[in-house]
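Visitor: sequence and predicted structure below; questions after.
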Amino acid sequence: MSRLFDIGSHVANPRRKKKEEEESDSDGEDNAKYNSFVCDGVGGGFDPEHIEDLEDWIDEMTDKLPELSSFVLPTGGKASAQLHVARTVCRRAERRTVLLVDDGVCDPNALRYLNRLSDFFFTAARWTNFCEGIEEIQYRRPHRGAKQRGRVKVNLEYASQG
């Protein structure tokens with residue numbers, strides 16, 4: 001089953017406040033039952049195991065890549081470019097989901113998943129450039145005394161090779 005469909009079920013059908021919950025909100029009390037989401041596979045709650053899976057995949061790719069020391073421009077081959085577009089769309093969805101989570105109608109784990117998914121897309125774009133042997137373009141000072149930042153091409157090599 002697609003995790004994005006699970007996220008969509010949380011966003012498209014937000015939890016509605018019941019009459020008693022609205023009354024307790026007006027008193028300024030938090031309703032613990034209202035804010036809890038139970039992972040039931042049908043929109044009741046988003047399983048945090050999926051977030052952990054994404055983090056594991058990110059870690060696997062990151063282990064082979066050089067450590068980031070500056071901002072990376074979204075460049076590279078066609079696959080990398082598509083992953084950067086997916087990351088941008090995912091970030092937009094994440095920003096819009098924040099409001100639903102703040103209102104207590106969407107599971108915070110759905111928001112956490114979107115956050116990690118956009119990080120996954122970023123890492124996958126870097127990994128794709130690495131596998132294709134495409135240089136990464138960083139936006140940083142070209143040398144220590146430079147006042148202006150600029151584009152600096154960096155060869156992606158195995159981190160273990162130095």
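Guide: Looks like it arrived, so ask away. Numbering: from 1, shown residues only.
Visitor: quick check: closest non-adjacent residue to Arg96.
Guide: Nearest residue to Arg96 in three dimensions, chain neighbours excluded: Val11, at 7.9 Å (CB to CB, 6 or more residues apart in numbering). The C-beta positions use only the backbone N, C-alpha and C, and glycine is treated the same way.
Visitor: report how many residues lie close to the one you found.
Guide: As a burial measure, Val11 scores 18 neighbours (other CB atoms under 10 Å).
Visitor: surely it is within a helix?
Guide: Yes: residue state for Val11 (DSSP: H, G, I helix; E, B strand; the rest coil) corresponds to a helix.
Visitor: could you pull up the residues touching it?
Guide: Counting by CB atoms under 8 Å, 6 or more residues apart in numbering, Val11 touches Ala93, Arg96, Thr97, Leu100, Cys106, Ala110.
Visitor: now Arg126
Guide: Met61, Leu65, Val72, Ser80, Glu136, Leu156.
Visitor: from Ala79, how far out is the residue nearest to Arg96?
Guide: 27 Å (CB to CB, to the nearest Å).
Visitor: low-confidence stretches in this protein?
Guide: 1, 14-45, 141-143, 148-153, 155-162 (pLDDT under 70).
Visitor: give me that answer again for 90
Guide: For the chain, the stretches with pLDDT under 90 are 1-50, 64-77, 97, 99-110, 133-162.
Visitor: which stretches in it count as strands?
Guide: Along the chain, counting by DSSP state E, strands occupy 71-72, 136-140, 150-154.
Visitor: which strands or helices does the second one pack on?
Guide: Meaning strand 136-140. Where contact means 3 or more CB pairs under 8 Å, 6 or more residues apart in numbering; DSSP states H and E, strand 136-140 is packed against strand 71-72, strand 150-154.
Visitor: residues making contact with the first one?
Guide: If you take CB under 8 Å, 6+ apart as the criterion, strand 71-72 is touched by Arg126, Glu136, Ile137, Gln138, Tyr139, Arg140.
Visitor: how about a cut-off of 7 Å?
Guide: Strand 71-72 has contacts (CB atoms under 7 Å, 6 or more residues apart in numbering) with Arg126, Glu136, Gln138, Tyr139, Arg140.
Visitor: quick one: strands adjacent to it?
Guide: According to DSSP bridges, strand 71-72 forms sheet pairs with strand 136-140 (antiparallel).
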